[in-house]
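Colleague: got a structure for you, letters missing:
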């Protein structure tokens, strides 16, 4: 005679969370599976971007997994998960505001910007190899746009000295860059 196991009784959210904390490998997956769609919709509404919603969900699920042992059972597990997702979305939105991204639409623009940055780094290294007096005169006149007279006042030296330091600095800079 064949015997079949009896019907499995579905565990509550709280029981799944307790089982997860106790070491049940599958309990957390089952718990999240119950709430994933609702939580993703929440994240999608809060972030207004599918990519940010997915990232916020990943952050939230990691936070819930790590923080499961600290759950006090004074609220429903679904409400706890809801709050974690909201917090993850808010964190992501704060980071996005603090570090706005620039959309790149043309691969040439990326190459052009990379070339500009490379050139800037090469010029900066070469400038750092100049004597401080020449570098200061060049930066004032050529980079910041001061007139020779204004640069002389700024640096506290004669106009002729500014001119000679710029001329020597440019000549040395050409040698360093070529």
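Modeller: Arrived safely, thanks for sending. Everything numeric in this text was worked out from a predicted model, so none of it was measured.

Colleague: The lowest-mean-pLDDT helix or strand in the chain - contacts with which helices or strands?
Modeller: Every helix and strand of the chain was ranked by mean pLDDT, DSSP states H and E. The lowest is helix 107-128, at a mean of 78. Helix 107-128 is packed against helix 132-138, helix 159-177, with contacts defined by 3 or more CB pairs under 8 Å, 6 or more residues apart in numbering; DSSP states H and E. Glycine gets a C-beta too; all of them are placed from N, C-alpha and C.

Colleague: Contacts for the longest one next, please.
Modeller: So the one you mean is helix 159-177. Identification of contacts with helix 159-177 by CB atoms under 8 Å, 6 or more residues apart in numbering yields 122-123, 126-127, 129-131, 133-138, 140-142, 148-149, 151-152, 155, 157.

Colleague: Check stretch 9-23 too.
Modeller: 24, 27-28, 30-31, 34-35, 65, 68-69, 71, 73, 76-78.

Colleague: still on that earlier bit, quick one: the least confident helix or strand of the chain to helix 159-177, angle?
Modeller: 120 degrees (axes from the mean of the first three to the mean of the last three CA atoms, to 10 degrees).
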